[in-house]
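J.: need a 3D model of the following:
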Amino acid sequence: MKLLVEVVGAFTSAGTTTAQILILGAPDNGSGAPGTFTVYASGPTITTVSGGTVAAGGLVGAHLCDLDLPRQPDGVAMPRYFKLQLTTTGTGTGNPNTLLSAYIVLDRLDQPWSAAGFVSGYVPGITIPN
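T.: Sure thing, here's the model as predicted:
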């Protein structure tokens, strides 16, 4: 399974703002509620606004985090619960939680996009003979 986190609302800021997604997991505490959450993986720190201008990572439709759902770290119990944690820095305005949509999906379209906006399917430098 894979995690897909997309920007669905415009980030705004007077300065510079960054965002990072963390995946946390927890076992059952024995009474049907989550136990202690442990960080399983973290996405990259993405600049969403730079100097008051929305950066590529903050545009509607951008993927803020594309990670495969990880196995639990060594020595950590099998999780029953997962949650995402959004960590932001900077002077952003509004509620960043309403700017993102997150999904657990079976697969994502991870193909590279060409400069013209088309899904190319191949990384630059690969020649396919016809």
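J.: assign a three-state SS to the nearest residue to Ile46 once chain neighbours are set aside, would you?
T.: Excluding the flanking residues, the one nearest Ile46 by Cβ to Cβ, 6 or more residues apart in numbering is Gly57, at 3.8 Å. For the C-beta atoms, the positions are set from N, CA and C on the backbone; glycine is no exception. Following DSSP: H, G, I helix; E, B strand; the rest coil, we place Gly57 in the helix state.
J.: next one: Thr91
T.: strand.
J.: please name the residues that touch it.
T.: 13-17 (Cβ atoms under 8 Å, 6 or more residues apart in numbering).
J.: low pLDDT regions in this structure?
T.: By pLDDT under 70, the low-scoring segments of the chain are 93-97, 108-130.
J.: next up, the contacts around the residue positioned nearest the centre of it.
T.: The centroid of the chain falls nearest to Cys65 when counting by Cα atoms, centre = their mean (2.0 Å). Shown in contact with Cys65 (Cβ under 8 Å, 6+ apart): 3-5, 21, 43-44, 46.
J.: now with 10 Å?
T.: Applying Cβ atoms under 10 Å, 6 or more residues apart in numbering, we find Cys65 in contact with 3-6, 19-23, 41-44, 46, 84, 86, 100, 102.
J.: ok, back up a step: would you list the contacts of Thr91 in CSV and tack on secondary structure, neighbour count and distance to Leu69?
T.: Converted to CSV, the contacts of Thr91 look like this (DSSP: H, G, I helix; E, B strand; the rest coil; neighbours: other Cβ atoms under 10 Å; distance: Cβ to Cβ, whole Å):
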residue, secondary structure, neighbour count, distance to Leu69
Ser13, strand, 22, 30
Ala14, strand, 12, 36
Gly15, strand, 11, 34
Thr16, strand, 17, 30
Thr17, strand, 25, 27
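J.: are any of the contacts of Cys65 buried, and which?
T.: Listed as buried from the contacts of Cys65 are 3-6, 19-23, 41, 43, 46, 84, 86, 100, 102; burial here means 16 or more other Cβ atoms under 10 Å.
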